[in-house]
Structure formats: C-alpha cells, structure tokens
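A.B. asks: what's the 3D shape of this:
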Amino acid sequence: MFELTEPARAELDAYFDGKDKSSVRIFLSPGGCSGPRLSLALDEAGEADSVFNDKGYDFCMDKELYEAAKNIKVDFSDMGFMVDSDLQIEGGGDCSAGCSACCGH
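C.D. replies: I've put the predicted structure just below:
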C-alpha cells in the first residue's frame, strides 16, 4: 500500500508549479546518528523498480526495497518530507560520544 498525504501532495504541487512533473524516487539513504532512512529524490524509473501513481505523481522504488518496506506513507510537515514504512532498518551511528561525534560535526 502506498499513501501520499494531502500536505505532501500540496508541497509537490507547489514545487512543480509551472514545471514538468518528474518521477519521485524513494530510496534508502545512509542517514546519520539515527542510521539509514527512506528519502526522496527526483529520478526516472528503471527496470529494477516498482512504479506507482498517487494523486497524479509517479513514484519509483527498487522492487526488493519496496517488498521489504510495504505500507509506505509520504507526508510533509514543518520538518520537510517524511517517508514512513514497515521497513525494519538495522543500524545507526554509535552516539555514545554524542551525535556531533558520530555525524562528523
């Protein structure tokens, strides 16, 4: 299941106002202290991708990652876009020395 919330759709509408729409890729980014997380980028779909449409936007995601993530929800808040899923992600930085140490600050 995939869900694009209304706040996320509105933000995409504002971004693409007057521009051609591009596919939005959902991918696993390395993250920082909290470890890997699902993120968004503009990208075209490839042969190894699942492609789905919601509210007029095409989203693509690696098929294996999509199968592992299932139930994906793209939302938007004051903090930016957020991608929630059922994906169980292992890892994260060792923050025993404080986040600034593991994130390289």
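A.B. asks: CA atoms for contacts and neighbours, from now on please.
C.D. replies: Noted.
A.B. asks: give me the distance between the two termini of stretch 35-49.
C.D. replies: This stretch, stretch 35-49, spans 23 Å end to end (Cα to Cα, to the nearest Å).
A.B. asks: can you confirm Asn53 is in a strand?
C.D. replies: Yes - per DSSP: H, G, I helix; E, B strand; the rest coil, Asn53 lies within a strand segment.
A.B. asks: what does the helix or strand encompassing Phe76 contact?
C.D. replies: Using DSSP states H and E, Phe76 falls within strand 72-77. For strand 72-77, contacts defined as Cα atoms under 8 Å, 6 or more residues apart in numbering pick out 1-8, 11, 81-86.
A.B. asks: which positions within stretch 13-26 qualify as buried?
C.D. replies: Of all the residues in stretch 13-26, those buried under the rule 16 or more other Cα atoms under 10 Å are Ser23, Val24, Arg25, Ile26.
A.B. asks: run through the strands of the chain in chain order.
C.D. replies: For the chain, the strands defined by DSSP state E cover 2-4, 24-29, 37-42, 49-54, 57-62, 72-77, 80-84.
A.B. asks: for those strands, give me JSON lines that also has distance to Tyr15 and mean pLDDT.
C.D. replies: As requested, the strands of the chain are arranged in JSON lines below (distance: least, Cα to Cα, whole Å; pLDDT from 0 to 100):
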{"stretch": "strand 2-4", "distance to Tyr15": "15", "mean pLDDT": "95"}
{"stretch": "strand 24-29", "distance to Tyr15": "12", "mean pLDDT": "95"}
{"stretch": "strand 37-42", "distance to Tyr15": "12", "mean pLDDT": "94"}
{"stretch": "strand 49-54", "distance to Tyr15": "16", "mean pLDDT": "95"}
{"stretch": "strand 57-62", "distance to Tyr15": "12", "mean pLDDT": "96"}
{"stretch": "strand 72-77", "distance to Tyr15": "13", "mean pLDDT": "96"}
{"stretch": "strand 80-84", "distance to Tyr15": "12", "mean pLDDT": "95"}
